[in-house]
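Colleague: would you be able to build a 3D model of this:
(3 chains)
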Amino acid sequence: MSDNSTAEGGSPSARQDVPDEPPVVYRLDPDCTIDEIAEGANYLVTVNGVVDYGVFVDVTDSVSGLVHESGLDGEYAVDEELVVRLAEIRENGDLAFEEIDPADHKVVHVEHEPEITPIDELQRGKTVTVEGDLSQIKQTGGPTIFHVGDETGIVATAAFEEAGVRAYPEVGLGDIVRVNGEVGLHDDVKQIEADDISPLEDETADAARERLEEARSERAAPEAVEPLVEWDAFEKLRPDLAELARLLRRTVLEGRPIRVRHHADGDGMCAAVPVERALSNFIESVHDDPDASRHLFKRLPAKAPFYEMEDVTRDLNFALEGRARHGQQLPFLLMLDNGSTEEDVPAYKNLAHYDMPIAVVDHHHPDPEAVGPLLDAHVNPYMYDEDYSITTGMMCVELARMIDPETTDDLRHVPAVAGISDRSNADAMADYIVLAEEEGYDHEALHDIGEALDYAAHWLRYSSGHSVVSDALNVGCDDQDRHEELVEFLSSSAERDVEEQLDAVDTHVKHEVLESDARLYRIDLDKWAHRFTYPAPGKTTGELHDTKVQETGDPVITIGYGPDFAVLRSDGVRLDIPRMVEELNEELPGAGVSGGGHLVVGSIKFVKGRREQVIDALVEKMADADIDEALSSTATAFDE
Amino acid sequence: MSDNSTAEGGSPSARQDVPDEPPVVYRLDPDCTIDEIAEGANYLVTVNGVVDYGVFVDVTDSVSGLVHESGLDGEYAVDEELVVRLAEIRENGDLAFEEIDPADHKVVHVEHEPEITPIDELQRGKTVTVEGDLSQIKQTGGPTIFHVGDETGIVATAAFEEAGVRAYPEVGLGDIVRVNGEVGLHDDVKQIEADDISPLEDETADAARERLEEARSERAAPEAVEPLVEWDAFEKLRPDLAELARLLRRTVLEGRPIRVRHHADGDGMCAAVPVERALSNFIESVHDDPDASRHLFKRLPAKAPFYEMEDVTRDLNFALEGRARHGQQLPFLLMLDNGSTEEDVPAYKNLAHYDMPIAVVDHHHPDPEAVGPLLDAHVNPYMYDEDYSITTGMMCVELARMIDPETTDDLRHVPAVAGISDRSNADAMADYIVLAEEEGYDHEALHDIGEALDYAAHWLRYSSGHSVVSDALNVGCDDQDRHEELVEFLSSSAERDVEEQLDAVDTHVKHEVLESDARLYRIDLDKWAHRFTYPAPGKTTGELHDTKVQETGDPVITIGYGPDFAVLRSDGVRLDIPRMVEELNEELPGAGVSGGGHLVVGSIKFVKGRREQVIDALVEKMADADIDEALSSTATAFDE
Amino acid sequence: MSDNSTAEGGSPSARQDVPDEPPVVYRLDPDCTIDEIAEGANYLVTVNGVVDYGVFVDVTDSVSGLVHESGLDGEYAVDEELVVRLAEIRENGDLAFEEIDPADHKVVHVEHEPEITPIDELQRGKTVTVEGDLSQIKQTGGPTIFHVGDETGIVATAAFEEAGVRAYPEVGLGDIVRVNGEVGLHDDVKQIEADDISPLEDETADAARERLEEARSERAAPEAVEPLVEWDAFEKLRPDLAELARLLRRTVLEGRPIRVRHHADGDGMCAAVPVERALSNFIESVHDDPDASRHLFKRLPAKAPFYEMEDVTRDLNFALEGRARHGQQLPFLLMLDNGSTEEDVPAYKNLAHYDMPIAVVDHHHPDPEAVGPLLDAHVNPYMYDEDYSITTGMMCVELARMIDPETTDDLRHVPAVAGISDRSNADAMADYIVLAEEEGYDHEALHDIGEALDYAAHWLRYSSGHSVVSDALNVGCDDQDRHEELVEFLSSSAERDVEEQLDAVDTHVKHEVLESDARLYRIDLDKWAHRFTYPAPGKTTGELHDTKVQETGDPVITIGYGPDFAVLRSDGVRLDIPRMVEELNEELPGAGVSGGGHLVVGSIKFVKGRREQVIDALVEKMADADIDEALSSTATAFDE
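Modeller: A predicted model of the protein is given here:
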């Protein structure tokens, strides 16, 4: 109660001792209730009736009592004020006062302390007071809509000043407010029609914020889930994932939108879909509004191996529109299976200025020194001396389960899909596959799901394809047959197209044996492959490479190139592509070489007119590269 | 009435004879009305008053009467039950009962049989009962919206369980239900606020479904329309079209969405626009909601000569989203001027699994054995030994008229546009042109409309361009001047662009005379034509070809090729392009040749690096091809 | 009042002399009020009570009085009619009548003249009459929504005939109507629920229309604003701009939508954003609806240097959809920094037929004879012997201020950005820069904003990027830091990409000194530049050119070319590109040369196979071109 009494004094609450010294007289807000007075305390009251045995006095609008003539010193007319002491609260509820000498008392104003209703207990038709911070303020053509969040949920509150005019301009995003009003429905979702919105201030606000923070931190804590499989290497990453789960739950509790950009391939989908599902569930539980996740969560594919300028510009514009039009906070950006490299730095640098938190879960070779300082979280196996074989899908299944453990039953097969899709050679793969088999997926089914996702991603281009992707991955799909039919359709189409492509390039692949005894395969994809179709150059090179590795069993390097790009894949040879790019840039000025990748997978760009020199120089470097039979390329090369 | 009495017995309805044997006593539902009782029948009743001349008894909440002491055997207190026979319904409505011995009677429970209101007779403010099946179940943030359809229409029904919680989870799509509630308005459209939704079960449901089926079948029957012109060849297709009209009307009556994919050229538009109009009208009449067709009908252009994987993926995702978000049934897919060939098979195979019926109306050379088993309907003149000269536009005008004869006045000129646009040489063309002339269109106007549609389709790319296309074709355009201006603008722009293109390529066309005396024209479109503009390679080749045919009067073959494709056109030479593709694939491994077409029109793809060999081999084959002066290419080649 | 009395006679209003001759008896509408009667006038009245001292009579529903027996000739029963003269309106409001002989009088019907409420004074809950013309008629599934506009604003009015059925089919767009109804709220915006909508007719309508026209003309008058800087050259254009401001304000007052197509570069943005802001403000003030500008204003970038067929087709379809679906008028098309040349003529010709007014503000070399007759307004410095150095951004800042002077504070820095972005060498640039400096922008900041806009435009492609563009230009951005961060991010990214591009091309630029001593630089951008990224060929050529001009100080021509296009830039040499295109077309048939530009900037297209000849011929012409050191190219060349 002390939070709400003004600074000068204590509280008259019956739940506290009444202070005798210094003598205090309380002046109560008219809306204070019987619960806010206490026997023995002194009150400034107003006469509302004079009878021959005393005067009736009002303490507040709803609290009255009698000063018997025996306890009355002066004479009072109606509406006069006097100072009294509450002598007794009788059993029948009657209050008996006695007048005291006001001379040496100090008046303390007591604000009404209403009963605060937790947001998740709001009932339609009730008049309530809620307390929380403002997570969104949307000006409509009519009322202003304030989204107020406490530790239990977030609710919309409509306040009307004048059509289209911002109500309560004195409160802003993040402010702690107290809202009084009636709970109604808007578009069938609970909404408070505000009678009053008041900012809490100073210590009161601080204390409330502290309470809110504490409660939210507690609720944000990730759920404890048992690992799906025992895997020591993975456990090193678990604390990072738990921290990110906390951050994301926290973000939802704060009503901030979340935008996911994920690599548009099998592993990327296996990462993004579980997180989408878990966060959508959590958002809906916080908002008690089935549409909330549509407004607050967005998943989008990323075509390039880094955060492209086109995507950044669009995301930023979208974020700013969300703020301008809907009064939303800027979104939290979550990069999945993408975003770990230096090429992402410029984008991150800018977004950081924009109050857009960024987190990355990725298993591509990272540049943690470059990106780390710009990220709010960065989970990557390479930072723990592990490698790509812990795929992003594997990590995100655990992340999703920490956010919402109830997703678990839908996700047991997903790590196996992710691992097969990205050709993880992790020891744990066997366990993941057993787990999936227990759910009814054999190895071929898992492989087909990965291919189906990859194929769907290709044709969906810039659209997220929510339903088709969920059905293909069988996460939240309510019909097993449909899932199987879809996967069969997509994966067999993919297989057919890959076969056609390999048929087309087959006779044109150039083969040589390098000095290191590694085999080098080269293919001009612009000339010999079907263009602008599936599989695109990256996937085509990968499929060709895999065929050659399988056929020969030797160390193999494969280069697929077009007019101004080349895709590189290696098994058994250490290429170190970033270094090669650096060297090529020095050796071939004006070739405009750029690109990325790591030891065994990469893609580079150059200007069309220097293609021959670039490819020749590359081959030369590859001839000198060390054999390392442990190294194997994954299928994670990005498509052109 | 028997539908609703429980299984044990018959009915006491006055409309039936009262059974004497076996002796039956009816226990009526409290909400049964006076219409549900009959003189001579026995009832289990409850005493509601005792007077000295007898007892007053309640048969139901609204049906009461007197058992006169003369007909009373026992003594009864209020609330006691007894068995009586309805001796007489007096003229003033009074009911006279007499007690009977209940010993050897069998009690039969009679459910109240409410009056069922046909959906097209719903009146705002009335409380009604409707009966029908569920065509859509949409969960909103508030109530669940059930779309209920009977033989007269479909109406939305809102039922509220808890905000965002599915009401009546026991009923599902396709179930037959009885809905009781008040007719209100939602967004200005009639909607029932449900007090109760109960599934009918077992025989009752079967009988209701049978009635509904029968009534719908009757309503689905296509309207009898007189052919616009007398044409025997066309009449062979009429039964197929009527069957498809029935299927589409039926689909609408069942509340299933319809999605049209049509070839993006003149004939394709002439096919799709009339069908769009007729179906939209019918949808609106069934739903009594002008917005219904926006939710339930979608027309989209198809750029490729077959159902492309990108389109399939998007359509499927859209269909699944419609189900997930709006509780819609998956759509009926209608392919127009497209979809008859083997290349469509993979897509169809998958969609069939998805409960997405598919129908095709096309005049491209079909592969009926491949696609036939996958389609719910396939109308194609080649299946009746007719050919492309019966254009899809001609067929779809008749189809549209069968769906909604009132479209006729808007469509009389459309077959002529379709025929000229696709250069039909059908005998009936003369009649179609006369028909159009009677509507005020001369030959040039009809030609210009076709060119305008083709031009608009090019620039609209993936958008349907509803208004601009309707105005250009003058279907549902309310302003003749606007139509004419638009056609003038589009067709003259098209003509100018074609001229510029032909000017550009003119001096670069290579000409030779084949051994067969046919003339062969070749043009490298990548090198000599304006790229990425109108006319695209297919149209450019066609226009060039037509010019040469007209100039020479000889048999002519034209090949327009780019880096990895070639477009073929022939007049007077039998090419049989599918066979050529097959042969090329054998002769040139690694050329990745694919493609399609028929005797005189086709397009093929290959890998860039084998262009020369492919073109050379093609020319060789053409030199050997038979002259057949009756053969002429149409303009239906698809643009690249 | 005469407007509303029927044609036969005058008016009984107390504000006019009562006519003695010819004797007239007024029959008043039942809803006429006390204000509509006058002492001395004659009325046809109805007896509503008979007392012994006379009869009480009703003149209208709300106007009654007494005919004292002394003034009464006949005897009357209740409900009988008689003719009386209003002898006196007593101080207490009582009316005293006396009967007169009706024999030789003429009855004139007086319609009730309601009080007309100005639309900007509507109050919720009041029943009002408004008068105005119809600017939009939208049929919903429920009521018909009529947008009625008077001289003070526009308000939506709902009228219900039957769900989905057009109410009052007798009134149409543009008609002057009188609407009676209650002011309610729809989606929180004021809307009249119409009891009655009646068209005014004949002279009444004419008079009302005249009043409305006059009032609107007055309100449409552009606001008088002081020029931001003193600049005589600019003042020549001011009357044209004022006229356009009037036209645009007028367009808003008439409720017609406005669609802006602007060049997608720095100057184009500096032109479009201020106009967007001013018009949005004005639209909102007219409609009292914060969403109105979203429905009535649309800004879209144009990628080509003229009004491309794809854009025209889409705009037209959008316009027609707006009419079909929302009953909107067709939009006013405003072309900014684009649209002045002959290439725009075909598009304009068509749109003119469509009742789509078109205005152009541009500083590209115009073809006023070709486009002028098709435009409703054309503002271009070349038409006043000025040149591109008066940029479109400079003009549009003044235009925006005339439309809404309150935008001024947000716009002071914009002309400097526009000028620097388009390298204006205008004398006034110094003043503009001082102005911007006073607002806190130094030269570098201004330059960076221009680059940022250019960069954003590139990546936003076909989207308007409302928020990111507004923030980058700092117009309506409420956070200076955010603006600065965004500009820093975008401009430094742009700079980095330009550097990379120049690095890539640097060693491949071919240099020769022409006979005229000008330096010619050539670069094959397809071969040596990064493709499909920023900077595109136009910008790349410009940046290269600027570098060379700066390095050498000599007259310089730069040609950047790709497979089928070339971009030209010159400083110090008079190229006259349109003439060159014409000559090339004659000299090189089949090269398909087209293009545009003016003395020092241009781009041309040709067919791929003639590239060498075209470039060679171009170089030859350039060698012959005159040196004119005053000429300098701007950066306004359009990107490919």
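
Colleague: contacting residues around the closest residue to chain B within the stretch 1-150 of chain A?
Modeller: Here the stretch 1-150 of chain A gets closest to chain B at one residue, residue A:124, 8.6 Å apart by Cβ to the nearest Cβ. Where you see a C-beta, it was placed from the backbone N, CA and C, and this is true even at glycine. Taking Cβ atoms under 8 Å, 6 or more residues apart in numbering or on different chains, we find residue A:124 in contact with A:183-185, A:190.

Colleague: run the last query once more with 10 Å
Modeller: A:182-185, A:190-191, B:163 (Cβ atoms under 10 Å, 6 or more residues apart in numbering or on different chains).

Colleague: grab the longest helix from chain A for me.
Modeller: As assigned by DSSP state H, the longest helix anywhere in chain A is helix A:480-506.

Colleague: following that helix, which helix or strand comes up?
Modeller: Heading C-terminal from helix A:480-506, the first helix or strand you meet, by DSSP states H and E, is strand A:510-513.

Colleague: next SSE after that next one?
Modeller: Going down the chain from strand A:510-513, the next helix or strand is strand A:519-524, by DSSP H and E.

Colleague: packing partners of that following strand?
Modeller: Contact here means 3 or more Cβ pairs under 10 Å, 6 or more residues apart in numbering or on different chains; DSSP states H and E; on that basis strand A:519-524 packs against helix A:480-506, strand A:510-513, helix A:537-552, strand A:556-561, strand A:565-574, helix A:611-624.

Colleague: flag every residue of the stretch 501-640 of chain A that's near chain B.
Modeller: Within the stretch 501-640 of chain A, the positions adjacent to chain B are A:501, A:503-509, A:524-534 by Cβ under 10 Å from any Cβ of the partner chain.

Colleague: in ChimeraX, select just the buried ones from those.
Modeller: Buried residues within those, by 16 or more other Cβ atoms under 10 Å in any protein chain shown, are selected in ChimeraX with:
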select /A:501,504,505,508,509,524,525,526,527,528,529,530,533,534
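
Colleague: out of everything not next to it in sequence, what's closest to whichever residue of chain A sits closest to chain B?
Modeller: Proximity of chain A to chain B (Cβ to the nearest Cβ) peaks at residue A:188, 1.7 Å away. Nearest non-adjacent residue to residue A:188, counting by Cβ to Cβ, 6 or more residues apart in numbering or on different chains: residue B:142, 1.7 Å away.

Colleague: and what of residue A:326?
Modeller: Using Cβ to Cβ, 6+ apart and skipping the chain neighbours, the partner closest in space to residue A:326 is residue A:138 (5.0 Å).

Colleague: so which helix or strand takes in that neighbour?
Modeller: For residue A:138, the element it lies in under DSSP H and E is strand A:127-139.

Colleague: show me the shaky parts of the stretch 451-600 of chain A.
Modeller: When residues are selected by pLDDT under 70, none of them lie in the stretch 451-600 of chain A.

Colleague: interface residues of it facing chain C?
Modeller: Contact residues, the stretch 451-600 of chain A versus chain C (Cβ under 10 Å from any Cβ): A:563-564, A:585, A:588-594.

Colleague: can you add neighbour count and distance to residue C:82 and give those back as TSV?
Modeller: Shown next, in TSV, are those (neighbours: other Cβ atoms under 10 Å in any protein chain shown; distance: Cβ to Cβ, whole Å):
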residue	neighbour count	distance to residue C:82
A:563	16	101
A:564	23	100
A:585	16	108
A:588	18	111
A:589	13	110
A:590	18	108
A:591	23	108
A:592	24	103
A:593	26	106
A:594	16	101
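
Colleague: and the strands in the stretch 251-400 of chain A, which stretches?
Modeller: Ranges of strands in the stretch 251-400 of chain A, per DSSP state E, counting those that start in this stretch, are A:258-263, A:297-302, A:332-336, A:358-361, A:377-379.
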